[in-house]
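Novice: sequence plus predicted model, see below.
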Amino acid sequence: MSLINAQEIKKSFGSFHALQGVNLRVDAGECVGLLGPNGAGKSTFINVLYGASLRSSGKLSVFGLDPATQSHEIKRRLGVVPQENALDDALSVIENMRLFARFVNLPREKADPRIEELLTYMSLDHKKNDPIRTLSGGMKRRLAFVRALLADPELLILDEPTTGLDPAVRHLLWQRVGDLRRKGKTILITTHYMHEAEVLCDRIIILNQGRIVDEGSPRALIDRHTPGFVSIFLGGEDVESVLRKNFPLEWTFYRQQDSWCVRAPTLPELVESQKTLSLTPLQMRPSNLEDVYLKLTGEELSQND
């Protein structure tokens, strides 16, 4: 059963077309990643999804309801972790959560045990009486998860859930999202962290300039677009010249920040070709979702595919 069904969704802001005919679905129990560069349309789609912004055209249903006319009903069944934590600094942790529980019509006798359970789940129970202003950024982010889960939503939307967090907090949140997946929770994630999407998501949808450029499981996308193994070499045009002279021209060459990357069909071929090379790679690894993302969003500066 599809919880989200979008058909030819368009959204324009004056002459700017943020969404240009988006077709996608999210089925019950799926964890779906929505990826794309800044300005690709991810946040616009999320806003349209629960009625914060009205679509310009197309058909959209969430739980079988139309966000344009039934946003209140949809929001009651959603849990959202927005990009901004939006917590009240003047209140304590427990006061913030009790306030939000009232917003979602969770009675006090049910709210308090649920808050205690989720604070423990997010390793925040020792902070429940502390003012929000005393919490670290990671703690505030975890508390945003507690808030989103209070009413046990049918659909959880995570908008850039781990941006700016240290690795320890990021991995804790990954574990918690993994727990929710295993319990059958339906999750839609937007993220700039390709490894995060690869670890967490059953299916990936890649947006660019308001359009879907491809979708599939992380493994399927890698096998379809960037199969093989990658060597990464630090350097500029001089390094590029050496690589192109020593590696088969049918391999893929592309620039990534201050490095040059070479993608080969197999690891033995890559290793063998590097034996006589005067350069030592910074890294050799299997192709990953980041390689797919760079290719499909036009971020690779040079390639032979």
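Specialist: Alright, I've got the coordinates.

Novice: ok, now which ones touch the nearest residue to residue 155 once chain neighbours are set aside?
Specialist: Leaving out its chain neighbours, the residue that sits closest to residue 155 by Cβ to Cβ, 6 or more residues apart in numbering is residue 186, at 4.9 Å. Bear in mind the C-beta positions are built from the backbone N, C-alpha and C, glycine included. By Cβ atoms under 8 Å, 6 or more residues apart in numbering, residue 186 lies in contact with 3, 26, 27, 28, 29, 30, 31, 154, 155, 156.

Novice: mind listing the strands for the protein?
Specialist: Ranges of strands within the chain are 2-13, 16-27, 31-35, 57-62, 78-81, 155-159, 186-190, 203-208, 211-216, 229-234, 252-256, 259-264, 283-286, based on DSSP state E.

Novice: least reliable of those by average pLDDT, please.
Specialist: The minimum mean pLDDT among these belongs to strand 252-256 (a mean of 87).

Novice: can you give me the neighbour number for residue 211?
Specialist: Residues near residue 211, counting by other Cβ atoms under 10 Å, number 16.

Novice: an error on my part: the question was meant for residue 202.
Specialist: The burial count for residue 202: 14, using other Cβ under 10 Å.

Novice: what residues are up against it?
Specialist: When contacts are counted by Cβ under 8 Å, 6+ apart, residue 202 touches 30, 31, 32, 181, 217.

Novice: change it to 7 Å
Specialist: Residues near residue 202 by Cβ atoms under 7 Å, 6 or more residues apart in numbering: 30, 31, 32, 217.

Novice: ok, these vs residue 240, which is closest?
Specialist: The shortest approach to residue 240 among the contacts of residue 202 belongs to residue 217, at 32.8 Å (Cβ to Cβ).

Novice: can you name the residues bridging to the nearest residue to that closest one once chain neighbours are set aside?
Specialist: Spatial nearest neighbour of residue 217, excluding adjacent residues (Cβ to Cβ, 6+ apart): residue 203 at 5.8 Å. Under DSSP bridges, the beta-bridge partners of residue 203 are residue 32.

Novice: going forward can the numbers begin at 205, since that is how I track them
Specialist: OK, 205 is where the count begins now, so the last one is residue 407.

Novice: leaving out sequence neighbours, find the closest residue to residue 333.
Specialist: residue 296 (5.4 Å).

Novice: cool, residue 250 as well?
Specialist: Excluding the flanking residues, the one nearest residue 250 by Cβ to Cβ, 6+ apart is residue 363, at 5.7 Å.

Novice: tally of neighbours for that neighbour?
Specialist: 19.

Novice: would you map out the domains in this structure?
Specialist: By the assignment in automatic domain parsing, the chain contains the domains 206-426, 432-490.

Novice: ends of stretch 389-400, how far apart?
Specialist: Its first and final residues considered, stretch 389-400 spans 18 Å by Cα to Cα, to the nearest Å.

Novice: what comes up buried for it?
Specialist: Using 16 or more other Cβ atoms under 10 Å as the test for burial, stretch 389-400 gives 389, 390, 391, 392, 393, 394, 395, 397, 398, 400.

Novice: and for stretch 220-234?
Specialist: Judged by neighbour count using 16+ other Cβ under 10 Å, the buried positions of stretch 220-234 are 221, 222, 223, 224, 226, 228, 229, 230, 234.

Novice: show me what contacts the residue nearest to the fifth one when sequence neighbours are not counted?
Specialist: By that I understand residue 226. Spatially, and ignoring its direct neighbours in sequence, residue 226 is nearest to residue 213 (4.4 Å; Cβ to Cβ, 6+ apart). Residues in contact with residue 213 (Cβ under 7 Å, 6+ apart) are 223, 226, 252, 259, 262, 264.

Novice: if I look at residue 213, how far off is residue 260?
Specialist: Going from residue 213 to residue 260 by Cβ to Cβ, to the nearest Å gives 8 Å.

Novice: again with residue 405
Specialist: 28 Å.

Novice: check residue 234 too.
Specialist: 27 Å.

Novice: what's the answer for residue 280, then?
Specialist: 26 Å.
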